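Sequence and predicted structure below; questions after.
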Amino acid sequence: MYISDTHLKSFLADANLVSQKDFDAAETEAKSSGKTIGDILTARGAIGEDELRRTYAYILGIPFVSLVGTSIPYDTLSQIPEPVARRNNIISYSRKGDELEVAMLDTDDLAAIDFIKKKTHLKILPRLTDAASIKTALKQYQQGLKDTLGDVIKRETTALEKEKGGDGEAALKQMAEGVSAVRIVDTLLRHASAQNASDIHIEPLENSLLIRYRIDGILHDAMELPKHAAPAITARVKVLSNMRLDEHRLPQDGRFSAESAGERISFRVSILPTYYGEKIVMRLLRDSISGFTLEGIGFHGTGLERMHDAMRRTTGMILTTGPTGAGKSTTLYTLLDIINTPDVNISTVEDPIEYQMARVNQTQVRPEIGFTFASGLRSLVRQDPDIIMVGEIRDKETASLAINAALTGHLVLSTLHTNSASGAIPRLLDMGVEPFLLVSTLRVVIGQRLVRKLAAHDPYELSRDEQTQLEKLVDPAAVLKHLKEEKAVAKEMTWNKVPFYKPKPTPTSQDGYAGRIGIYEVLPVTSTIKDLVMKNATGDEIDKQAKSEGMLTMAEDGIFKAVQGITTIEEVLRVISE
């Protein structure tokens, strides 16, 4: 999109979008670098990319459309194949007669327009849009696939009934490599990925095979297949995961990778014999986690400052705590991504390796051959690392080695299964770690849970009874203080006027939720906390002291996010009570 610098400068100045000083500096750089002024302004953060696109649309007289919250009929959306839409950032969103309106990030992409014109034989009307609209519309491709994929599975399971099977390894292998089994499993994986599932459960019942997906932390029934489909599906998953086909009595674990919608996904597979057959659980792990930020996963305010302070240290230990599925690994990988610079050597020992990270030496433990967290950590410290990540501290030996590594010039990151940040300290002391070693190494402890995020919401005011119940869970003064400090509410706001929100169903989210975010408590090991540790204080005493020093509890952080319309009080109560 060509716009003269004079036109752009005039409009941005009139609209007060960019200061004269910023524009002049960008203009000078553009002359020497050959880049456009628009690119330089967005790179410097003087103006957002989407705001600049709206400006271009206005100057050029091209209509600007926002597709956020818009449900596009699948027949219209599929006029452009998903790979083309994804690659060229172009969405077909409205058709009237022989005219097709398409939303684009770049209306000068003539090749894409020409391709669609030839494919559809329609008149193409380009419109400018923003990145959020493109992202929203691309998700609708996946939603539209649901019915299509369901039809494929139904057809192939019917075909399976006619195929002959057997219990021998050769017969099972033949069944696993059959067209129907391959199509069913491939379609299940694509379907689960399209629903943004984190886990797939394939559960044998007495007369059927139940498929369930865990989406945003909640299990949902996805479909029910005929019982006769179970042997072929199980055999296919075993082949993909390099498991023994003829083993039906012992649990097995494996892993494989696949691509879905241009994204590479790893599947961690567990098979467990049950009364009615073998139950399969597959965890979906997106291979790349780069680009995450602490703010993006839910850290803010004082807690965020404490995290950055701990990461600036070159020695010591950062611990994250919570139950399985609380997002601990994502927090650790986000920390690693931030501190993964060319001047440091990072090594990890994990079980399993959930995400692959560039320039990080990742090691998978293998307990069956004696390669445990402890033995792996013992070897890692001889590899000259600056930063070590231990997947989990499970026993005294691993705890002692991690503490020693933190004492001898390494920054150590790890996880611990406790319900709160303060509970980590008594847990480590119970493992046999000496208090004086703990206070010398522990920098910060994070307690966390995951809550579902609101896709759309309606505001409401708490009743007096609800206010009373909430005040038993959190300290209103502490929450309100942090809200005002971070300018999330007005300075004159009082607790009884604080807004809350309920989920509002949308075309793409029937329950009003989409995605998850963390709620956290960040406990810094200050001098007063160290004194309590040396006195063998309880977790409750440590928690009380941390709160007096400004720590928001997980519940309070959840209510903080509920006030902002990120989640709901019900979600916070659900995960806190787990």
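Received it, and whenever you're ready, just let me know what you need.

going forward, measure contacts between C-alpha atoms and count neighbours the same way
Will do.

Quick check: closest non-adjacent residue to T293.
Of all residues not flanking T293 in the chain, T334 sits nearest, at 6.3 Å (C-alpha to C-alpha, 6 or more residues apart in numbering).

What count of nearby residues applies to that neighbour?
Per other C-alpha atoms under 10 Å, the neighbour tally for T334 reads 20.

Which of the helices or strands spans it?
Element membership of T334 [criterion: DSSP states H and E] is helix 328-339.

For that helix, which helices and strands make contact with it?
Packing partners of helix 328-339 (3 or more C-alpha pairs under 8 Å, 6 or more residues apart in numbering; DSSP states H and E): strand 316-321, strand 411-416.

Quick check: mean pLDDT of that helix?
Helix 328-339 carries an average pLDDT of 92.

quick check: angle from that helix to strand 411-416?
Interaxial angle, helix 328-339 versus strand 411-416 (axes from the mean of the first three to the mean of the last three C-alpha atoms, to 10 degrees): 170 degrees.

All further residue positions should be reported with the first residue as 846.
OK, 846 is where the count begins now, so the last one is helix 1173-1184.

Make a markdown table out of the helices and strands packed on helix 1173-1184 and add mean pLDDT.
As requested, the helices and strands packed on helix 1173-1184 are exported to a markdown table (pLDDT from 0 to 100):
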| stretch | mean pLDDT |
| --- | --- |
| strand 1161-1166 | 96 |
| strand 1256-1261 | 95 |
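
what about stretch 1175-1192, start to end distance?
End-to-end span of stretch 1175-1192 (C-alpha to C-alpha, to the nearest Å): 17 Å.

would you list every one of the strands in the stretch 896-1045 of the chain?
Assigned by DSSP state E, counting those that start in this stretch, the strands in the stretch 896-1045 of the chain fall at 935-941, 944-949, 968-973, 1042-1049.

could I get the last one in CSV with only the CA atoms?
This file holds the C-alpha atoms of strand 1042-1049, laid out as CSV (Å, rounded to 0.1, in the frame of the first residue of the first chain):
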residue,chain,number,x,y,z
ALA,A,1042,-8.1,-29.5,23.4
SER,A,1043,-5.2,-30.2,25.7
ASP,A,1044,-6.0,-33.9,26.2
ILE,A,1045,-7.8,-36.6,24.3
HIS,A,1046,-9.4,-39.4,26.3
ILE,A,1047,-10.5,-42.6,24.5
GLU,A,1048,-12.4,-44.7,27.0
PRO,A,1049,-13.8,-48.2,26.4
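
Taking strand 1042-1049 as reference, get the angle to the helix or strand just after it.
Moving toward the C-terminus from strand 1042-1049, the next helix or strand (DSSP H and E) is strand 1053-1060. Here strand 1053-1060 runs at an angle of 170 degrees relative to strand 1042-1049 (the same axes, to 10 degrees).

what is the rounded mean pLDDT of the following helix or strand past the helix holding T1179?
Tracing the chain C-terminally past helix 1173-1184 and defining elements by DSSP H and E, one meets strand 1191-1195 next. Throughout strand 1191-1195, pLDDT has a mean value of 93.

With stretch 947-966 instead?
Here the average pLDDT along stretch 947-966 is 83.

again with stretch 1201-1218
Stretch 1201-1218 carries an average pLDDT of 87.

try stretch 1264-1275
The average pLDDT for stretch 1264-1275 rounds to 94.

Buried by neighbour count: which residues of that stretch qualify?
Buried residues in stretch 1264-1275, counted by 16 or more other C-alpha atoms under 10 Å: N1264, S1265, A1266, S1267, G1268, A1269, I1270, P1271, L1273, L1274.

ditto for stretch 1192-1200
Per 16+ other C-alpha under 10 Å, stretch 1192-1200 contains these buried residues: S1192, T1193, V1194, E1195, I1198, E1199, Y1200.

quick check, nearest of these to T915?
Y1200 (33.0 Å; C-alpha to C-alpha).

Run a quick neighbour tally on P1230.
The burial count for P1230: 18, using other C-alpha under 10 Å.

If we ignore the residues flanking it in sequence, what's nearest it?
Using C-alpha to C-alpha, 6+ apart and skipping the chain neighbours, the partner closest in space to P1230 is N1190 (5.0 Å).

who's in contact with the one you found?
By C-alpha atoms under 8 Å, 6 or more residues apart in numbering, the contact set of N1190 is V1205, D1229, P1230, D1231, I1232.

what pLDDT does the second one get?
As predicted, D1229 sits at a pLDDT of 88.

nearest residue to it other than its sequence neighbours?
Leaving aside its chain neighbours, D1229 sits nearest to N1190 (7.4 Å; criterion: C-alpha to C-alpha, 6+ apart).

Does D1303 touch P1350 like I think?
No. Counting by C-alpha atoms under 8 Å, D1303 stays clear of P1350, with 9.9 Å between them.

give the contact list for Y1121.
Y1121 neighbours (C-alpha under 8 Å, 6+ apart): P1049, L1050, E1051.

before we move on, back to that, between the buried residues of stretch 1264-1275, which sits nearest Q1209?
Minimum distance to Q1209 across the buried residues of stretch 1264-1275 is 23.7 Å, recorded for L1273 (C-alpha to C-alpha).

helix/strand/coil for the closest one?
Secondary structure state of L1273, per DSSP: H, G, I helix; E, B strand; the rest coil, is helix.

before we move on, the earlier item: quick check: the residue nearest to P1230 vs L1256, distance?
From N1190 across to L1256, the span is 11 Å (C-alpha to C-alpha).
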